[in-house]
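>>> Could you look at this predicted model? Sequence included:
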Amino acid sequence: MDRKLSRRRTGANGGVLVLVLLLASGAAGAGNLYRWTDANGVTHFGDKPGPGASAVEVGPLNGYRAPPVPASSPDPRPEKAVGQPKVVMYGTEWCGICKKARAYLGRNGISYTEYDVEKSARGKRDYRRMNGAGVPIFLVGGQRLNGFSEARFERLLDTGDQ
């Protein structure tokens, strides 16, 4: 008796396995899915009807629909946005070179953190620890840049630690 019960369970599990495999292979989405029970009481599933088969309604496998991907990115430097090293700027509100640097960063979509070395407690503390002697000072990845030049900054950005 136990052996017969065990076989019947295996048959049912096998039928479920066949159903899962059919669903995963896309056969169910291509047409009807059929279910039938053989003379031994074992339920079968397939894409072609067996003797005494009845069609089985199958709903969508996955209700999630991914949002559309935009054709182009608004970021002017998308290749830098993903792997861009961390950029920190120490400057002042009145510094002309700092203003030029901010404009460059904004124009190129470079995200950064800025600390004012006169108004921010952290800015003052970090500036002292770095022995700062002028502004701006940039930290890009693990490297430092005193002052600002687009060419030097881009080189630093390209070689900065991730």
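Noted; the coordinates are in hand.
>>> okay, now the domains of the protein?
For the chain, automatic domain parsing gives the domain ranges 2-56, 78-159.
>>> if I look at the closest residue to Ala101 other than its chain neighbours, how far off is Lys99?
Once flanking residues are discounted, Ala101 sits nearest to Phe148: 4.3 Å by CB to CB, 6 or more residues apart in numbering. Any C-beta I mention is one placed from the backbone N, CA and C, and that applies to glycine too. The spacing between Phe148 and Lys99, counted by CB to CB, to the nearest Å, is 10 Å.
>>> who's more crowded, these two?
Remark: of Phe148 and Lys99, Phe148 carries more neighbours, 21 against 14, as counted by other CB atoms under 10 Å.
>>> was I right about the more buried one contacting Lys100?
Yes. Using CB atoms under 8 Å, Phe148 is in contact with Lys100, at 6.5 Å.
>>> What ranges does the chain have for its helices?
Counting by DSSP state H, the chain has helices at residues 2-25, 27-30, 78-83, 96-107, 121-129, 150-159.
>>> Those: lowest mean pLDDT?
Across the helices of the chain, helix 27-30 has the smallest mean pLDDT, namely a mean of 47.
>>> Can you pull the phi/psi pair for the residue nearest to Ala101?
Here is the backbone geometry of Phe148 (degrees, to the nearest 10): phi -150, psi 130.
>>> Show the contacting residues for it.
97-98, 100-101, 104, 136, 138 (CB atoms under 8 Å, 6 or more residues apart in numbering).
>>> are any of those buried, and which?
Burial by neighbour count, judged by 16 or more other CB atoms under 10 Å, picks out 98, 101, 136, 138 from the contacts of Phe148.
>>> which residue packs closest to Lys124, ignoring adjacent ones?
Val117 (5.9 Å).
>>> neighbours around that neighbour, how many?
Val117: 23 neighbours (other CB under 10 Å).
>>> Would you quantify the distance from it to Ile137?
Taken as CB to CB, the span from Val117 to Ile137 is 8 Å.
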